[in-house]
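Participant: coords please:
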Amino acid sequence: MELVLGTLQRLKPRDIWASEADGFTPWLADEGNISALGATLGLELEVESTEQGFGSGTFRADILCTDTDTDTKVLIENQLERTDHRHLGQLMTYAAGLHAVTIIWIADQFSEDHRAALDWLNEITSDEFKFFGVVVEVLQINDSLPAADFRIVSKPNDWSRSVARSVREAPATGVKAEHQRYWQALHDQFEKSDTRIRPQQARPQHWMNFGVGRSGIRLTALRNTQKRTITVGLETYDENSKKYFDLLYRDCETVEAELGFGINWQRMPDKRSSAMWYIKEADVSNQGDWPNQISWMQDVLERFDRVFRPRIKAINLDDWVPLEDADEQP
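Facilitator: Below you'll find the model as predicted:
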């Protein structure tokens, strides 16, 4: 049988979106499309605003997001044509004015000069800052519906940055060094697994945080050398912390049934944050047992993510009613 393949065509983005502000920006800000961009870049993006004005009002950034993995600002600048110096200058101005630490420049084509400029910025800045150059392509097979695709042309080099950081920073010692080795083992386990959870860089601290699709809420894993425990939990920590907690707690029985275990719900009315914990006894100093502990953490983190993520995405703060009864307070 003769194999028949379709003909792939590349369309001009301007043929699909006549205007950046009225066409491409609203399209990209849609939840499904911003998630697709985030997946390409390895970021968890939540849109805060479009056409964000600041300063004197003469500057307007295309899209401002939060990276919910790190709770930091992300600036997206769109350009449905070949890159130019004006947009590069705008990126720097907007980033400074909005205190963004991740910059995403999306264009139809990148000049070699501008790609090299982003590479240079990634080389000279600390690993807190990230600069991405992304080409948006519109593809069509025969008479099919056109589809957009994102292709990275510039991104941070994590390896070179880790080398530079090791030169700048004194190596961790003692318990802190053990923390860092532990989280690096967890990071490596996630990297080779088919999981949607993105681990952060291993740090010499007793916790590691993970995004769960909304700013103000995060997954977290902890190890306690004194209590000899490991913990996985969900924390709410911004000005809406109690509202998030109360809305999730209303469904606590179903949540625990779906998780497959009970969890410790801690509203903590005297604190800004609230949390839900699942704790396991473990000798965290026994490196021979680390693979078992890390497998447990991965399993529980994935359960938390699977059960809580859709509920967190669906939260409407207008539905909030405070837990007032003493019997209701966890």
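Participant: Let's test this: name the helix or strand in this protein with the lowest mean pLDDT.
Facilitator: For the chain, counting by mean pLDDT, DSSP states H and E, helix 158-168 ranks last in confidence among helices and strands (a mean of 49).
Participant: packing partners for the helix or strand just after that one?
Facilitator: Using DSSP states H and E, the helix or strand that follows helix 158-168 towards the C-terminus is helix 174-191. In terms of contacts (3 or more C-beta pairs under 8 Å, 6 or more residues apart in numbering; DSSP states H and E), helix 174-191 is packed against strand 217-224, helix 290-313. Where you see a C-beta, it was placed from the backbone N, CA and C, and this is true even at glycine.
Participant: so which of these is the most packed in?
Facilitator: With neighbours defined as mean count of other C-beta atoms under 10 Å, the helices and strands packed on helix 174-191 peak in mean count at strand 217-224, which reaches a mean of 21.
Participant: contact partners of it?
Facilitator: Contacts of strand 217-224 with the rest of the structure, by C-beta atoms under 8 Å, 6 or more residues apart in numbering, involve 68, 71, 179, 182, 186, 197, 206-212, 229-237, 244, 282, 284, 293, 297, 301, 304-305, 308, 312.
Participant: Show me what Val138 is bridged to.
Facilitator: Under the criterion DSSP bridges, Val138 forms beta bridges with Leu11, Ala148.
Participant: And it, how far from Lys280?
Facilitator: 49 Å (C-beta to C-beta, to the nearest Å).
Participant: Compare the two and say which is more crowded by neighbours.
Facilitator: Val138 (18 against 12; other C-beta atoms under 10 Å).
Participant: Quick check, that one in contact with Pro13.
Facilitator: Yes. Using C-beta atoms under 8 Å, Val138 is in contact with Pro13, at 5.5 Å.
Participant: Dihedrals phi and psi, Val212?
Facilitator: Per-residue torsions, Val212: phi -130, psi 20 (degrees, to the nearest 10).
Participant: hmm, I was thinking of Ile279
Facilitator: The phi/psi pair for Ile279 (degrees, to the nearest 10) reads phi -120, psi 140.
Participant: Show me what it is bridged to.
Facilitator: Thr231.
Participant: Can you give me the neighbour number for it?
Facilitator: Neighbours of Ile279 using other C-beta under 10 Å come to 15.
Participant: how far away is it from Arg267?
Facilitator: Ile279 is 17 Å from Arg267, by C-beta to C-beta.
Participant: can you check Arg311 too?
Facilitator: 17 Å.
Participant: again with Gln52
Facilitator: Distance of Gln52 to Arg267, computed by C-beta to C-beta: 34 Å.
Participant: what ranges do the strands span in this protein?
Facilitator: Along the chain, counting by DSSP state E, strands occupy 8-11, 45-54, 59-67, 72-82, 102-109, 130-141, 147-154, 207-211, 217-224, 229-236, 264-266, 274-281.
Participant: Let me know which of those strands is the nearest to Val255.
Facilitator: Nearest of the strands of the chain to Val255, taken as C-beta to C-beta: strand 274-281 at 8.3 Å.
Participant: Find the nearest non-adjacent residue to Lys280, please.
Facilitator: Ile230 (5.3 Å; C-beta to C-beta, 6 or more residues apart in numbering).
Participant: for Asp119, same thing?
Facilitator: Ser154 (5.4 Å).
Participant: what residue is smack in the middle of this structure?
Facilitator: By C-alpha atoms, centre = their mean, the chain has its centre lying nearest to Glu44, at 2.7 Å.
Participant: Test my guess that it contacts Gly211.
Facilitator: Yes. Glu44 lies in contact with Gly211 (C-beta under 8 Å); the separation is 4.0 Å.
Participant: Point out where the stretch 151-300 of the chain drops to low pLDDT.
Facilitator: Along the stretch 151-300 of the chain, the model assigns pLDDT under 70 to residues 158-173.
Participant: Where does pLDDT dip in the stretch 1-150 of the chain?
Facilitator: In the stretch 1-150 of the chain, residues with pLDDT under 70: 1, 53-59.
Participant: List the residues that contact Ala275.
Facilitator: Gly233, Leu234, Glu235, Thr236, Gln266, Met268.
Participant: Recalculate using a threshold of 6 Å.
Facilitator: Going by C-beta atoms under 6 Å, 6 or more residues apart in numbering, Ala275 touches Gly233, Glu235, Gln266.
Participant: mind checking which of the helices and strands packed on helix 174-191 is nearest Ala107?
Facilitator: Comparing those by C-beta to C-beta, helix 290-313 comes nearest, at 29.9 Å.
Participant: Ramachandran angles for the closest residue to Lys73 other than its chain neighbours?
Facilitator: Take Lys73 and drop its neighbours on the chain: the residue closest to it by C-beta to C-beta, 6+ apart is Ala100, 4.2 Å away. Dihedral pair for Ala100: phi -80, psi 140, per degrees, to the nearest 10.
Participant: My guess is Ala100 contacts Thr72. True?
Facilitator: No. Using C-beta atoms under 6 Å, Ala100 is not in contact with Thr72; the gap is 7.8 Å.
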